[in-house]
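Undergrad: Build me a model from this:
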Amino acid sequence: MSVSPHAKLYDLQTAPQVSADLFHIEDVYPSVENGRFPVKRVVGEPVEVWADIVRDGHDQVSAELFWRADDRSEWTHAPMVHHGNDRWTASFRPLRPGRYVYGIEAWTDEFATWRRGFELKMAAGQDVALDLIHPHVERNTLVGEVSYS
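TA: Residues are numbered from 1 along each chain as shown. Here you go, the predicted model:
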């Protein structure tokens, strides 16, 4: 069985250029010559995947690993875990022999960014009344739109 990293290909005219400038996914493991050759693994044993994910700015990051057998079209997803500094990890278990492809996707975690800012303000003794209004208003708006029949 072999495993190859998968690079998501985007149409540069439809994908926001800003996200390509904000995120860098580097030092992906396992990878042989940046995905030029497949990685060999044993069926049924976990494939440990890790990468260094950095983002421009101070917003919080979330990431996920996605994979599939090469002859399948549907992807399976699993959240990646942050292990300090810039290292993120996840794993998947191939269930049958064959070629598998995997990829890593990262995005700005808006809620984690809000929560971190809130906690920093609380620790500094700043007024957080306005910070509490925003999520509360969104929650009430969503509940108000639900119709019960």
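
Undergrad: Quick check, central residue of the protein?
TA: With distances taken as CA atoms, centre = their mean, Ala63 lies nearest the centre of the chain, 1.4 Å away.

Undergrad: backbone phi and psi for that residue, please?
TA: phi -150, psi 160 (degrees, to the nearest 10).

Undergrad: for it, which residues make a bridge with it?
TA: Ala106 (DSSP bridges).

Undergrad: now the helices for the protein?
TA: Secondary structure of the chain (DSSP state H): helices at 17-22, 110-123, 129-145.

Undergrad: Grab the nearest non-local neighbour of Arg93.
TA: Of all residues not flanking Arg93 in the chain, Pro46 sits nearest, at 5.0 Å (CB to CB, 6 or more residues apart in numbering). (Glycine included, C-beta is placed from N, CA and C.)

Undergrad: I figured the one you found was touching Phe92, is that so?
TA: Yes - at 7.0 Å, Pro46 counts as touching Phe92 under the criterion of CB atoms under 8 Å.

Undergrad: higher neighbour count, those two?
TA: With neighbours defined as other CB atoms under 10 Å, Pro46 and Phe92 compare such that Phe92 has more, 19 against 12.

Undergrad: got the domain boundaries for this structure?
TA: The chain resolves into domains spanning 2-108, 109-149 when parsed by automatic domain parsing.

Undergrad: mind listing the strands in the protein by residue range?
TA: Assigned by DSSP state E, the strands in the chain fall at 2-5, 23-29, 39-40, 47-55, 61-69, 76-79, 81-82, 87-92, 99-108.

Undergrad: can you put those in TSV and add mean pLDDT and distance to Arg116?
TA: Listed next are the strands of the chain as TSV, based on pLDDT from 0 to 100; distance: least, CB to CB, whole Å:
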stretch	mean pLDDT	distance to Arg116
strand 2-5	51	30
strand 23-29	89	18
strand 39-40	87	35
strand 47-55	93	13
strand 61-69	93	11
strand 76-79	95	18
strand 81-82	95	13
strand 87-92	96	17
strand 99-108	91	12
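
Undergrad: Let me have the ones you listed in CSV, extended by distance to Ala123.
TA: Output for the strands of the chain, formatted as CSV (distance: least, CB to CB, whole Å):
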stretch, distance to Ala123
strand 2-5, 40
strand 23-29, 28
strand 39-40, 44
strand 47-55, 23
strand 61-69, 21
strand 76-79, 27
strand 81-82, 20
strand 87-92, 26
strand 99-108, 22
